[in-house]
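Participant: Dropping the sequence and predicted coords here.
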Amino acid sequence: MSAAPSGAAPPPAPWPRHAVVTGASRGLGLEIVDLLATAGTRTLGTARNAAALERALAGTGGGESSAEAVAGDLTDAGHRRRLRREVRDRFGGALDLLVLNASTLGPSPLPALLDLDPEDFTAALRTNLTEQLALVAALAPALRAGQGRIVAVSSDAAHGAYPGWGAYGASKIGLELIIRTLAAEEPELHPLIVDPGDLRTEMHQAAFPGESIDDRPLPAVTRPFWTWAFAQPPEAARGRRIRAQGDAWTLPDRAAPDAAGAS
Amino acid sequence: MSGVAARSYRPPGPPSGAAALAAATEPPEARGTPADGVRLQVVGDDGIATGTMRDLPEALRAGDLLVANRSAVRKAALDAEVVAGPHAGERRLLHLAQRYGAGVWLVELRPDEATPGPCRLPLGTRLTVHGRILRLWGTYPGLPRLRFAGADDDLASIAEREGRIVRYGHLPRAFGPEAYRTVFGDRPGSAEMASAGRPFTPDLLRRLRQHGVDVATVTLDAGLSGLDAPDDDAELVVPEEPFEVDAAAAAAVHAALARGRRVVAIGTGAARALESAWADQRLRPVRGWTRKVLRPGTASGLLSGIVTGLHGPEATHLRLLASLVGSDRVAAAYRAAVAARLRSHEFGDVQLLWRPRGPGARGALR
């Protein structure tokens, strides 16, 4: 476990003071954790592989205030309870941001639907859909006590009907509906869906084994997006689906509150 | 200039005429010329005509629609001093390129107005800015000149109180905020003036309306222009910018297009906002941040022309223009500007560039 962080103070609200990020040991999750830690946000990162997580998070935050590792499996209710405890003990029970980044791609290479082992399908739905909601439920009181913002990382596979991506895509479109429904039921949790776009990550490589994915950008290309997203008032983008690498990050009409303005 | 931040670009075609274009070094008013007295060069299929901005109504037809950028310039230049480390005590000029949120900024640090850098301050560096602490977080992907930074204060009100308007080396002295006002600018947000709107005066607007020309407004908060140059269009990186096309502007554009009228952007910022709101052959009312990069081959063709200032060799400006009116026209316009000794930059002369008529022009320009 990393030591409590030092002095780098985060910017004023709405920038989050306290965050939890899942899937934090590599790829996009690690990029988000590093951005938050560098910005002075106290961040708990979680992932299954304890050694890999510790190693990855030790390098975050520009050496000033690295993110804190809480390793475990999100499909394990005990780990979810532990995360809730850690948030209570370290953050005083107030959580400003939960990033639901962890997910499983399923078997590699990606099988066509009729070749899909039903157990693999069930596992994808469980990890990417059912257990995501369970984690939200576990941390909802802390999110209500803090500023409260949930960011669910989705995929264009949720809408694209790409051969091989059926199980993963089904879990992600399910996750998107869960998040949009949450936005209606629990508006103070400020849920947001983000499609990060294709990225050069281990997960993307697993989807294309043996093929070069060097034409995809590294996760760092999404840093301006996360910087923008976390700096927005949480209600500004509530319930929306935003493509981080799309042509525009659009917001609701001006009737909706947009604190501070851009001047 | 706006929407066109990042890179520089050798003008297409023969004229390496960039250097031959002299910059306006003061507002026209300082040399006794009214704002609409700057020169206007119209470049179209029928040739090139050079007069003054007051001739603009004659270059337009009744029913034409002008679309201006209502973003006004904000004070974005501040003095900063490094707090600790090997550069402790060093002073830098801080340019607040874009506000991502309270205390969260994209910034450029430079030695002075005339010297773009390099900044040479490691990430994690803290600077004091009028008693506030600003910390450098990270570089902008693909644009190391620009840094993300976080402050322990919003900084917006401090910038408004203590800041200056961004000025570059072509201006030997500073001018007050009144020199940077445009008749359209009523929403502060841009780090650089939407300068194509500057030569429009209330009197010119009145004459345009008498002539049957309508004016709609959109918003694009411009970041900083820059000088770094990729050789490949695909590598062009332009930071995202806040924009808005409201329902009234969308309706005005639709009405003009439906009647076969011409839509003309006043400035590259207005063009970027319009192109960012264009989807499925229609203009959607939309608000957000645009990442759309206009490079040759990407424009929709909804714009028939653009009123633009001249900005020397900065690249994304010319590439954006080429996306709207084609590289050949941009090259011809540049040669014409050099021949007519037009003055460049924010206080300089302007051109009205028409998109070539003819088959395949819409959206297919290279």
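Facilitator: Happy to help now that I have it.

Participant: Just the element for the residue nearest to B:Ala174 when sequence neighbours are not counted, please.
Facilitator: Residue nearest to B:Ala174 in three dimensions, not counting chain neighbours: B:Arg167, with 5.8 Å by Cβ to Cβ, 6 or more residues apart in numbering or on different chains. Bear in mind the C-beta positions are built from the backbone N, C-alpha and C, glycine included. Counting by DSSP states H and E, no helix or strand carries B:Arg167.

Participant: Share the number of residues neighbouring B:Arg167, please.
Facilitator: 19 (other Cβ atoms under 10 Å in any protein chain shown).

Participant: Parallel or antiparallel, which strands does the strand ranked longest in chain B pair with?
Facilitator: Secondary structure of chain B per DSSP state E: the longest strand is strand B:91-101. In the sheet, strand B:91-101 lines up against strand B:77-82 (antiparallel), strand B:104-110 (antiparallel) (DSSP bridges).

Participant: so can I have TSV of those showing mean pLDDT and mean neighbour count?
Facilitator: Converted to TSV, the strands paired with strand B:91-101 look like this (pLDDT from 0 to 100; neighbours: other Cβ atoms under 10 Å in any protein chain shown):
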stretch	mean pLDDT	mean neighbour count
strand B:77-82	97	19
strand B:104-110	96	25
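
Participant: Mind listing what's buried along the longest strand of chain B?
Facilitator: B:92-101 (16 or more other Cβ atoms under 10 Å in any protein chain shown).

Participant: just stretch B:269-282 next, same as before
Facilitator: Quick answer for stretch B:269-282 (16+ other Cβ under 10 Å): B:269-278.

Participant: And for stretch A:170-187?
Facilitator: For stretch A:170-187, by 16+ other Cβ under 10 Å, it's A:170-176, A:178-180, A:182-183, A:186.

Participant: Helices along chain A, start to end?
Facilitator: Under the criterion DSSP state H, chain A contains helices at A:27-38, A:50-58, A:77-91, A:118-125, A:131-145, A:157-160, A:166-185, A:202-207, A:223-231.

Participant: So which of those has the densest surroundings on average?
Facilitator: Of all the helices of chain A, helix A:27-38 has the most neighbours on average by mean count of other Cβ atoms under 10 Å in any protein chain shown, namely a mean of 27.

Participant: Against A:Pro16, how distant is the residue of the stretch 101-250 of chain A found nearest chain B?
Facilitator: In the stretch 101-250 of chain A, no residue comes nearer to chain B than A:Ala231, which is 2.3 Å away by Cβ to the nearest Cβ. As for A:Ala231, its distance to A:Pro16 is 10 Å (criterion: Cβ to Cβ, to the nearest Å).

Participant: For whichever residue of chain B sits closest to chain A, give its distance to A:Ala13.
Facilitator: Residue of chain B nearest chain A, by Cβ to the nearest Cβ: B:Gly101 (2.3 Å). Distance of B:Gly101 to A:Ala13, given as Cβ to Cβ: 9 Å.

Participant: and if you look at B:Ile306?
Facilitator: In terms of Cβ to Cβ, B:Ile306 sits 40 Å off from A:Ala13.

Participant: which parts of chain A sit against chain B?
Facilitator: A:8-15, A:35, A:38-40, A:62-64, A:217, A:220-221, A:223-224, A:227-228, A:230-232, A:245-254, A:259-260, A:262-263 (Cβ under 8 Å from any Cβ of the partner chain).

Participant: In strands only, show me these.
Facilitator: A:248-251.

Participant: related to what we said a few turns ago, could you save the helices of chain A as CSV and add columns showing mean pLDDT?
Facilitator: Shown next, in CSV, are these (pLDDT from 0 to 100):
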stretch, mean pLDDT
helix A:27-38, 97
helix A:50-58, 97
helix A:77-91, 98
helix A:118-125, 97
helix A:131-145, 98
helix A:157-160, 95
helix A:166-185, 98
helix A:202-207, 93
helix A:223-231, 98
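
Participant: Count the neighbours of B:His311 for me.
Facilitator: Each residue near B:His311 was counted by other Cβ under 10 Å, and the total is 24.

Participant: do you know how far it is from B:Leu320?
Facilitator: Distance from B:His311 to B:Leu320, counting by Cβ to Cβ: 10 Å.

Participant: And for B:Pro239?
Facilitator: Distance, B:Pro239 to B:Leu320, by Cβ to Cβ: 14 Å.

Participant: out of those two, which sits in the more crowded spot?
Facilitator: More neighbours surround B:Leu320 than the other of B:Pro239 and B:Leu320, with 30 against 22 (other Cβ under 10 Å).

Participant: pLDDT score assigned to that one?
Facilitator: On pLDDT, B:Leu320 comes in at 88.

Participant: What sits closest to it if chain neighbours are left out?
Facilitator: What sits nearest to B:Leu320 in space, not counting adjacent residues and going by Cβ to Cβ, 6+ apart, is B:Leu294, at 4.4 Å.

Participant: That neighbour: neighbouring residues, count only.
Facilitator: 24.

Participant: and it, what does it touch?
Facilitator: Contacts for B:Leu294 (Cβ atoms under 8 Å, 6 or more residues apart in numbering or on different chains) come out as B:3, B:271-272, B:275, B:319-320, B:323-324.

Participant: tell me the secondary structure for it?
Facilitator: Classification of B:Leu294 by DSSP: H, G, I helix; E, B strand; the rest coil places it in coil.

Participant: Mind pulling up the pLDDT for it?
Facilitator: Note for B:Leu294: predicted pLDDT of 88.

Participant: what does stretch A:111-130 rub up against?
Facilitator: A:74-75, A:102-107, A:163-164, A:166-168, A:170-172, A:174-175, A:178.

Participant: Can you dump the C-alpha atoms of the helix or strand hosting B:Asp328 in PDB for me?
Facilitator: Element membership for B:Asp328, per DSSP H and E: helix B:327-339. Provided in PDB are the C-alpha atoms of helix B:327-339 (Å, rounded to 0.1, in the frame of the first residue of the first chain):
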ATOM      1  CA  SER B 327      -5.600  25.400 -51.900                       C
ATOM      2  CA  ASP B 328      -5.400  27.000 -55.300                       C
ATOM      3  CA  ARG B 329      -7.600  29.900 -54.200                       C
ATOM      4  CA  VAL B 330      -5.600  30.300 -51.000                       C
ATOM      5  CA  ALA B 331      -2.400  30.400 -53.000                       C
ATOM      6  CA  ALA B 332      -3.800  33.000 -55.400                       C
ATOM      7  CA  ALA B 333      -5.100  35.100 -52.500                       C
ATOM      8  CA  TYR B 334      -1.800  35.000 -50.800                       C
ATOM      9  CA  ARG B 335       0.000  36.100 -54.000                       C
ATOM     10  CA  ALA B 336      -2.600  38.900 -54.400                       C
ATOM     11  CA  ALA B 337      -2.100  40.000 -50.800                       C
ATOM     12  CA  VAL B 338       1.600  40.300 -51.300                       C
ATOM     13  CA  ALA B 339       1.200  42.100 -54.600                       C
END
